[in-house]
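Engineer: give me the fold of what follows.
(chains A and B)
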There are 2 protein chains.
Amino acid sequence: MVKLKAQVVVMLKPVVNDPQGLTVRAGLHRLGFEEVEEVRVGKFIEITVTAADEAEGRRQVSEMCRKLLANHVIEDVRFQVEAVADREQAGAARTE
Amino acid sequence: MVKLKAQVVVMLKPVVNDPQGLTVRAGLHRLGFEEVEEVRVGKFIEITVTAADEAEGRRQVSEMCRKLLANHVIEDVRFQVEAVADREQAGAARTE
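Structural biologist: Here you go, the predicted model:
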């Protein structure tokens, strides 16, 4: 068994209107960031999961996306899966 | 001037409770994905911006994060910036 961390990105399809993105863009313009052309806001979902191997984990995450995480009518989903060292705290995020 | 796409990830800090993540985890467990250990839900923000060069774009996005995109008391933010070919549709997302 291997512990994996999946990073799932769920975005509205390009043809779907994104009011949240428009609002953020308007806010950035108001703050003086006139060079901002487009903003799209989506979800970033980090999942820590145990699986037999990486391929099996990938298959599971793909199924989670299909069944729960995304609405495939209006959203696109992409993800990557990587092994987590056990001592590494799975929820830790790097800051910038 | 160069057109850039920034991908910004905003996550609640690991010490901050994430009710949305807990809800998603409960949903996944109910669907039979018992192997799911932890779920954290954050935001993924794609910004298309024009800047003098990539370093300047990176500086701008960093300032956007500080001023609007993240609440640094409870959220961590990380981003990457890459040049966009003009003919490529900036908002396009790959699907998986």
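
Engineer: would you confirm that A:Leu31 contacts B:Arg66?
Structural biologist: No. A:Leu31 lies out of contact with B:Arg66 (C-beta atoms under 8 Å); the separation is 10.5 Å. All C-beta spots, glycine's among them, are computed from the backbone N, C-alpha and C.

Engineer: packing partners for whichever strand or helix holds A:Thr50?
Structural biologist: Element membership of A:Thr50, judged by DSSP states H and E, is strand A:36-51. The contact analysis (3 or more C-beta pairs under 8 Å, 6 or more residues apart in numbering or on different chains; DSSP states H and E) places strand A:36-51 against strand A:2-12, helix A:19-30, helix A:54-64, strand B:2-12, helix B:19-30, strand B:36-51.

Engineer: so A:Ile48 versus A:Leu12, what's the distance?
Structural biologist: No Ile there; residue A:48 is Thr. 26 Å (C-beta to C-beta, to the nearest Å).

Engineer: ignore the last one, A:Val24
Structural biologist: Between A:Val24 and A:Leu12 the computed distance is 13 Å (C-beta to C-beta).

Engineer: A:Val2 too?
Structural biologist: Using C-beta to C-beta, one gets 33 Å for the distance from A:Val2 to A:Leu12.
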